[in-house]
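Student: What follows is a predicted structure for the sequence shown.
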Amino acid sequence: MKKTLLSGSTVTGDLTIGNYIGAINNWKKLQDDYNCFYMVADLHGLTVYQDPKAFKERSLSFFAQYIALGLDPDKNTIFLQSHIHEHAELTWILSCLTPMGYLNRMTQFKDKSAKNEKNINAGLYTYPVLMASDILLYQVDLVPVGEDQKQHLELCRDIVSFFQNRYGETFKLPEPYIAKMGARIMSLQDPTKKMSKSDDNPNSFISIIDPPKTIIKKVKSAVTDSGTEVKYDEEKAGISNLLTMYSVLSGKTISEIENDYVGKMYGHLKIDLADLVVETLKPVQEKYADLMKNKDHLHQLMKQGSEKARVVASKTLDTVYDKVGLYPEHF
Ligand code: TRP
């Protein structure tokens, strides 16, 4: 029996080269060895204001980007979170078991509410409970998550014990899946921060679907440190970030690249890196364009994913409703 794994990305901004290198490229490698659920986290996207029309389009676009990036809709279960109403329902049940004290400790909530003073809504606060539901509905063994989501996964594990102490064995206890080679790609404008798809400054990230011209412009304007030597140095976050990207995308080691650039300057590396990013994304963008041309086909694939997901999710939710003592409608 293959182990089950689930991950997802919140629908805000556009998927970036950082998502590709740090997450989705790893997801792709897992699809043969695990039973994988990959979710477009649209409900999580609503914790910030979204223009309804643009949001709808973006959810479809995310779905297409997952596939264009190499996730196979036949091997994996790829679906939109909101298509499975069980996510919202389990969230309610788990909310009633999650102490506010635990949610108060979530650093992402603190960061996001500091940044988002005008819209600190209850959804932003209970966001990790929804995430726990995403995971627990599918009886998942492993959750590939980045550093920033580890605390949420810890909370999910705590919620499992709150639930099970009261109602008995119900959920699989999920473990974090730490990718062997999950490089962390930093912002092009502030290389001490992770590259984020929801950054206000679009020059700080390269989106998977940025046109080549934009990619070249963004790489060229990446902030680098004083100095000229192309050398990895923890103190020099800018050049080190560009080297990391180059290394992951080319398959060369950092020291091989350093050797190639002896006597050359930052600018040379930037030009080559821009080309490499453009080349890497070219087949992805072609596949994406192709997919987006045929919405009916995409809708069909979406339906295929949600039908598979629903079977598992509804079974878990039925068990939960029964265990907590909700009165059944059917006998
Ligand atoms: N919160 C995650 C993020 O923004 C996305 C997400 C939602 C997720 N539900 C999940 C990731 C369940 C892993 C498992 O990155």
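Tutor: Sure thing, it's come through.
Student: C-terminal to the lowest-mean-pLDDT helix or strand in the chain, which secondary structure element comes first?
Tutor: Across the helices and strands of the chain, the lowest-confidence element by mean pLDDT, DSSP states H and E is helix 25-30, at a mean of 84. Using DSSP states H and E, the next helix or strand after helix 25-30 towards the C-terminus is strand 34-41.
Student: how far does stretch 74-93 sit from the chain's center?
Tutor: When distances are taken as C-alpha atoms, centre = their mean, to the nearest Å, stretch 74-93 is centred 15 Å away from the chain's centroid.
Student: who are the neighbours in contact with residue 30?
Tutor: 5, 36, 144, 177 (C-beta atoms under 8 Å, 6 or more residues apart in numbering). To be clear about C-beta, it is placed using only N, CA and C from the backbone, and glycine gets the same treatment.
Student: With adjacent residues omitted, what lies nearest to the second one?
Tutor: Excluding its sequence neighbours, the residue lying closest to residue 36 (C-beta to C-beta, 6 or more residues apart in numbering) is residue 76, at 4.4 Å.
Student: which residues in the stretch 51-200 of the chain form helices?
Tutor: 52-68, 86-95, 100-104, 107-115, 122-136, 150-167 (DSSP state H, counting those that start in this stretch).
Student: Which secondary structure elements does the second one sit against?
Tutor: Contact here means 3 or more C-beta pairs under 8 Å, 6 or more residues apart in numbering; DSSP states H and E; on that basis helix 86-95 packs against helix 122-136, helix 295-324.
Student: How about the last one?
Tutor: Applying 3+ C-beta pairs under 8 Å, 6+ apart, one finds that helix 150-167 contacts helix 100-104, helix 107-115, helix 122-136.
Student: 7 Å - rerun?
Tutor: If contacts are counted by 3 or more C-beta pairs under 7 Å, 6 or more residues apart in numbering; DSSP states H and E, helix 150-167 sits against helix 122-136.
Student: Per-residue confidence, the residue of the stretch 151-300 of the chain found nearest the ligand, what does it come out as?
Tutor: As assessed by C-beta to the nearest ligand atom, the ligand sits closest to residue 152 within the stretch 151-300 of the chain, at 6.5 Å. Residue-level confidence at residue 152 comes out at 97, pLDDT.
Student: Distance check, it against residue 174.
Tutor: 11 Å (C-beta to C-beta, to the nearest Å).
Student: Same question for residue 144.
Tutor: Taking C-beta to C-beta, one finds residue 144 at 11 Å from residue 174.
Student: Spit out the contact partners of the residue nearest to residue 36.
Tutor: 31, 36, 38 (C-beta atoms under 7 Å, 6 or more residues apart in numbering).
Student: again, only using 10 Å
Tutor: Residues counted as contacts of residue 76 (C-beta atoms under 10 Å, 6 or more residues apart in numbering) are 5, 27-28, 30-31, 34-38, 66-67, 305, 308.
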